[in-house]
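*Asks:* This is a predicted model, with the sequence first.
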Amino acid sequence: MMGKHRARRANVRYSFRMRESDDAGRKVAAGAAGGERRERAPPALRSIFEAARRGWNVKLTCWQCGHVRILDSAALWLRMSLKDLPDDLRELPRYCKCTRCRDERNEGINRPRLTLCRDAPTGEPMKMPTARQWKEGLRWQRR
């Protein structure tokens, strides 16, 4: 009886396609339309540190003027932690304002739209965490 059960398990077929990776090492969907390779959608991440660890950057878009700024998530994590602000991605737009609206209209528009992307950071570069700060962050996240 035991032998038949093992043989049955060996013949199980999977109903999903395995993912491949392209030349840049990104995960892409196998069998994309027209033979094209498309980048995977960002996973559901909760913290800025998690996004930085997985290589995602934060894209903030002003809902009024359309100004876009892409921030390096590691630098953003350092800035938020030094100011004792929450590391939660859902809370981040509360602490951001559009600089273009502030300069042109003299009003700070709160809560820009937040998305995760793999694009390079834009604008003035922010201070990046040192190796020691990054390792401390890794230890803190493991707790």
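*Replies:* Yep, it's here. Numbering: from 1, shown residues only.
*Asks:* which residues of the protein fall in strands?
*Replies:* 20-21, 27-28, 57-61, 68-71, 113-117 (DSSP state E).
*Asks:* got the buried residues for the last one?
*Replies:* Spelled out, it's strand 113-117. Taking 16 or more other C-beta atoms under 10 Å as the basis for neighbour counts, the residues of strand 113-117 that come out buried are Leu116. From N, CA and C alone the C-beta is placed, and that goes for glycine too.
*Asks:* TSV for the strands of the chain, including distance to Ala44 and mean pLDDT?
*Replies:* Conversion of the strands of the chain to TSV gives the following (distance: least, C-beta to C-beta, whole Å; pLDDT from 0 to 100):
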stretch	distance to Ala44	mean pLDDT
strand 20-21	21	44
strand 27-28	15	48
strand 57-61	15	94
strand 68-71	19	94
strand 113-117	10	93
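*Asks:* quick one, which of these is nearest to Thr99?
*Replies:* Taking C-beta to C-beta, strand 68-71 is the member of these nearest to Thr99, at 7.9 Å.
*Asks:* other SSEs contacting the helix of greatest length in the chain?
*Replies:* Longest helix in the chain, counting residues (DSSP state H): helix 131-142. Other helices and strands packing on helix 131-142, by 3 or more C-beta pairs under 8 Å, 6 or more residues apart in numbering; DSSP states H and E, are helix 48-53, helix 73-82.
*Asks:* All set now, cheers.
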